[in-house]
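A.B. asks: What shape does this take:
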Amino acid sequence: MIHSVRARLALWYAGVFACFLGLFAISAYVFLAHSSREATDDYLAETAAAVAGAMEFERSRGESDTVAIANVVREFRLRDIDVVVFEPELDRARRARNLVTAGSPAERITRVPLLHGFGEILRRAPRAPSLRTVQEAGQNVRVYTLPYTLGRVSIVIGTAQSLNAQERTLREAEAALAIGLPVMLVLATLGGYVLARKALHPVVVMGERAAAIGAATLHERLPVANPRDELGRLAAVLNGLLERVERSFEQQRRFMADASHEMRTPVAIISGESELAVSRHDRSLSELRDALATIHEESRHLRGIVDDLFLLAQADAGERPLAPEALYLNDVVAECARGARTLAQAKNITLELCAGDDDMPLVGDEALLRRLVMNVVDNAIKYTPAGGRVTVRLQREKSEYAIEVEDTGPGVPADSRERIFDRFYRARPAGLSGARPSGAGLGLAIARWVARAHGGELLLARSDESGSVFRITIPARDAAAT
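C.D. replies: This is a model prediction of the structure:
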C-alpha cells in the first residue's frame, strides 16, 4: 500500500491521463484509418468519372463509341491507379497502362497494382457503382466499378489502387503511438509527482511546524503562504485552533494558580490552628473552642471552593446534566430574596423584591436556579456599602423571564467589566482602595454557566458610580410548552 499522498496523487493523475490518452489515441487512429480509406475511395470514383468524361469528349469530336474507348484507354495514364474498361457485349477488357513495357522508365515509376483477375471482377460487377477490397500478390487492392452507357455501348469502368501506402501510414502511426504513449505517460507521471510535491509542500511545512509546537511554544503559528487558497485557509483554521488551545491552556494554568492561591490560605489557617492546638497542653477550653471554630469556618470556606471547582469542572466536561422539573420562577426568586435578607441586614443594607403576583411557570433545575439567583444577589450585597440598597426585579418580557439585580455600590471599574465573569477574578470597587472583597471569585462564573445551561444569559447591563445592574434572562418554557 502506498502511504505517500504525493505518490497516490501522481498515480491517480497518471491513471486518468492514461485513460484519456488511450481514448485519444484510439480515436485518432480510427479517424486516420477512416479518412485515408475515404480519400482512396473518392480518388477512385473521381478517376472513373474522369475516364467517362474523356470518352464523352472523344464522342463529341465525332469519334465512334469504339474509337472513343480505344483513344481514352490508350492515352489515359496514372502512376498509382490501374484503369480497365470492360465491354460486356464483346467480352473485352482494355487496360489503360498496356503500353507500359517491362524495364521502361514508366514501369519504374509506376505503382499501379496489376490485377490479373480485373476483367473477371468487372464482368461480375453489379449494375450500380460499387467498392470492394481484393487480395492480389499478398497486398490489399481497393477496386471501384462504375457501370456506364457510352452512346449505344454499355461498358464498365474499373479503377484500382493498392492500399500499401495507407497501410504503411497506419503501421507507422501504430508504431508512433506504441512508443509515444508510454513515453508521454511516464513524463506525465513524473510531472504529476513534481506538481503534487510542489502543491503539498506547504502541508509538509505546516506538519513540521505543528510537530515542533509544544506547551512552551503555543504562541507560535503555522506559516500561511497564500491565505486565499485551500491550504492557506486550512492553515488559518489551524492557527485559530492553536489560538484557542493557547487561550484555554492559559486559562487552565491561571485557573490552577488561582485555585492553589485561594485554597492555600484556608489550608494554612487550618493547619496552623490545629498544630497550635495540639502543641500546647496548657491551652484553656475556650481557646480550644475558638481554634475549633476557626478551623470549622475555614474548612467550610474551603469546602465551598472545592464544591464550586467541582461544579465548574463537571460543567466543562459536560458531566453535569440538568435535573429539570416543573417549578415557578417567582417562588424561587422570592425564597432567594428571603434568604439573602439576613446577609443584607448584617451589613445594614436594604434588600427589596419587586415581582408581580402572576405565576411564572418554568421547567428547570431548581437547585441550580437558586444558586444562580443567590450568587448574583450575594455579589450585589458584597459590593454595596452599609446603608445601601439592593433591588431584585422579576418580570416577564414576551417569551422570556428577566431578573434584574440592582445595587447602589460604587460600580464595576471599566477595566474589569470584561473580566468579572472570569473564574477567580475579583474586581476592586471603583474609588475604593485596599484588598478586594472576600470570596473565591467563582460566584458570577457559576451563575453565568447556570443561565446559559438553561438557554439564557447573564450580563452586566449597567455600571457607573450610582451602582450596577446585573440582568438574567431565561426562556419562558413551562411544562405545558414542553
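A.B. asks: any idea which helix is longest in the protein?
C.D. replies: helix 5-60 (DSSP state H).
A.B. asks: Ile270 reaches Ile295, doesn't it?
C.D. replies: Yes. At 5.1 Å, Ile270 and Ile295 qualify as touching, with contact defined as C-beta atoms under 8 Å. Backbone N, C-alpha and C define where each C-beta goes, glycine included.
A.B. asks: Give me the pLDDT value at Ala344.
C.D. replies: As predicted, Ala344 sits at a pLDDT of 91.
A.B. asks: now swap in the one 5 residues further on and tell me
C.D. replies: What the model reports for Ile349 is a pLDDT of 93.
A.B. asks: again with His3
C.D. replies: 65.
A.B. asks: Ala102 too?
C.D. replies: 51.
A.B. asks: and what of the one 3 residues further on?
C.D. replies: Reading off the per-residue confidence, Pro105 sits at a pLDDT of 54.
A.B. asks: Count residues in the vicinity of Asn375, would you?
C.D. replies: 23 (other C-beta atoms under 10 Å).
A.B. asks: Where does Glu246 sit: helix, strand or coil?
C.D. replies: What DSSP: H, G, I helix; E, B strand; the rest coil gives for Glu246 is helix.
A.B. asks: likewise Met206?
C.D. replies: Met206 is classified as helix under three-state DSSP.
A.B. asks: coming back round to it: and the longest helix of the chain, how far from the chain's centre?
C.D. replies: With C-alpha atoms, centre = their mean, to the nearest Å as the basis, helix 5-60 stands 44 Å off its chain's centre.
A.B. asks: how near is Tyr43 to Ala476?
C.D. replies: Distance from Tyr43 to Ala476, counting by C-beta to C-beta, to the nearest Å: 94 Å.
A.B. asks: before we move on, what about Glu167?
C.D. replies: From Glu167 to Ala476 the distance is 91 Å (C-beta to C-beta).
A.B. asks: same thing with Thr294?
C.D. replies: Distance from Thr294 to Ala476, by C-beta to C-beta: 46 Å.
A.B. asks: again, but for Ile420
C.D. replies: Going from Ile420 to Ala476 by C-beta to C-beta gives 27 Å.
A.B. asks: per-residue confidence for Arg280?
C.D. replies: Reported pLDDT for Arg280: 69.
A.B. asks: just checking, Leu353 touches Val392?
C.D. replies: Yes. Leu353 lies in contact with Val392 (C-beta under 8 Å); the separation is 5.0 Å.
A.B. asks: When these two are compared, which one has more neighbours?
C.D. replies: Val392 (22 against 18).
A.B. asks: Would you verify that that one is located in a helix?
C.D. replies: No. Under three-state DSSP, Val392 sits outside any helix and is assigned strand.
A.B. asks: what sits against it?
C.D. replies: By C-beta atoms under 8 Å, 6 or more residues apart in numbering, Val392 lies in contact with 333, 336-337, 351-355, 373, 377, 403-405.
A.B. asks: What of Asp41?
C.D. replies: Taking C-beta under 8 Å, 6+ apart, one finds Leu131, Arg142, Tyr144 in contact with Asp41.
A.B. asks: Kindly recompute the last result at 10 Å.
C.D. replies: Applying C-beta atoms under 10 Å, 6 or more residues apart in numbering to Asp41 gives the contacts Leu131, Arg142, Tyr144, Gln161.
A.B. asks: Helices of this structure, start to end?
C.D. replies: 5-60, 65-75, 105-109, 118-123, 164-212, 230-279, 285-317, 329-346, 366-383, 443-453.
A.B. asks: Stretch 147-155: how far from the chain's middle?
C.D. replies: For stretch 147-155, the distance to the chain centre is 77 Å (C-alpha atoms, centre = their mean).
A.B. asks: For that stretch, which outside residues touch it?
C.D. replies: 48-49, 51-52, 55-56, 58-59, 64-66, 68-69, 72, 85-90, 92, 94, 122, 125-130, 146, 156-157.
A.B. asks: now with 6 Å?
C.D. replies: The contact list for stretch 147-155 (C-beta atoms under 6 Å, 6 or more residues apart in numbering) reads Ala52, Met55, Asp65, Val85, Glu87, Arg127, Val156, Ile157.
A.B. asks: I'd guessed the second one sits against Ala68; true?
C.D. replies: Yes. Contact criterion C-beta atoms under 6 Å: Met55 and Ala68 qualify, at 4.9 Å.
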